[in-house]
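Student: Return a 3D structure for these sequence lines:
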Amino acid sequence: KPLDDPEIRTMFTRNAVLKSDWYKKRLVTKQQRDIVLGMRNIKALEDFLGRPGYQVEAARLGIHQRLVDAERELARVSSDSYLDDLVGTLGADPIVDDEV
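Tutor: Below you'll find the predicted structure:
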């Protein structure tokens with residue numbers, strides 16, 4: 001079939017793409033990577049707060065508030081509604097197996 005065949009063209013409409021399994025997998029992959037990134041950020045902030053002698057620096061940099069913000073962001077990206085928020089974005093390529 002030629003590329004301008006209506007059957008081929010309908011495979012690439014916005015609705016067809018948004019309903020496809022491969023697109024949903026891209027969104028789930030994006031969510032999973034955002035969760036991993038959020039957990040990594042929280043760990044880094046907690047590690048910084050746990051370092052002896054860094055209390056003044058932690059206060060100056062607002063690390064406690066950053067930790068609260070990072071925990072809130074992790075909760076947001078972990079929610080089911082986050083997947084809905086991702087609809088219309090590119091998501092993430094599930095084929096690429098990279099460390100966040």
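Student: where does this structure have low pLDDT?
Tutor: 97-100 (pLDDT under 70).
Student: again, only using 90
Tutor: Confidence mapping of the chain against pLDDT under 90 gives the ranges 1-4, 7, 11-12, 95-100.
Student: Tell me which residue lies nearest the centroid of it.
Tutor: Asp34 (2.8 Å; C-alpha atoms, centre = their mean).
Student: residues in contact with that one?
Tutor: Applying C-beta atoms under 8 Å, 6 or more residues apart in numbering, we find Asp34 in contact with 77, 82. For every residue, glycine as well, the C-beta is placed using N, CA and C.
Student: Next secondary structure element downstream of the longest helix seen in the chain?
Tutor: The longest helix of the chain (DSSP state H) is helix 21-50. Counting by DSSP states H and E, the next helix or strand C-terminal to helix 21-50 is helix 55-61.
Student: what distance separates that following helix from the centre of its chain?
Tutor: Relative to its chain's centre, helix 55-61 lies at 29 Å (C-alpha atoms, centre = their mean, to the nearest Å).
Student: List the buried residues for that helix?
Tutor: Using 16 or more other C-beta atoms under 10 Å as the test for burial, helix 55-61 gives Ala58.
Student: just stretch 38-58 next, same as before
Tutor: For stretch 38-58, by 16+ other C-beta under 10 Å, it's 38, 41-42, 45, 58.
Student: and which of the residues you listed is nearest to Lys24?
Tutor: Gly38 (21.1 Å; C-beta to C-beta).
Student: Excluding covalently adjacent residues, which one is nearest to the closest one?
Tutor: Leu74 (3.6 Å; C-beta to C-beta, 6 or more residues apart in numbering).
Student: any idea how far that neighbour is from Gly91?
Tutor: Computed as C-beta to C-beta, to the nearest Å, the Leu74 to Gly91 distance reads 19 Å.
Student: The two: who's more crowded?
Tutor: Remark: of Leu74 and Gly91, Gly91 carries more neighbours, 20 against 17, as counted by other C-beta atoms under 10 Å.
Student: The more buried one contacts Trp22, doesn't it?
Tutor: No - the pair Gly91 / Trp22 is not scored as a contact, 9.6 Å apart, by C-beta atoms under 8 Å.
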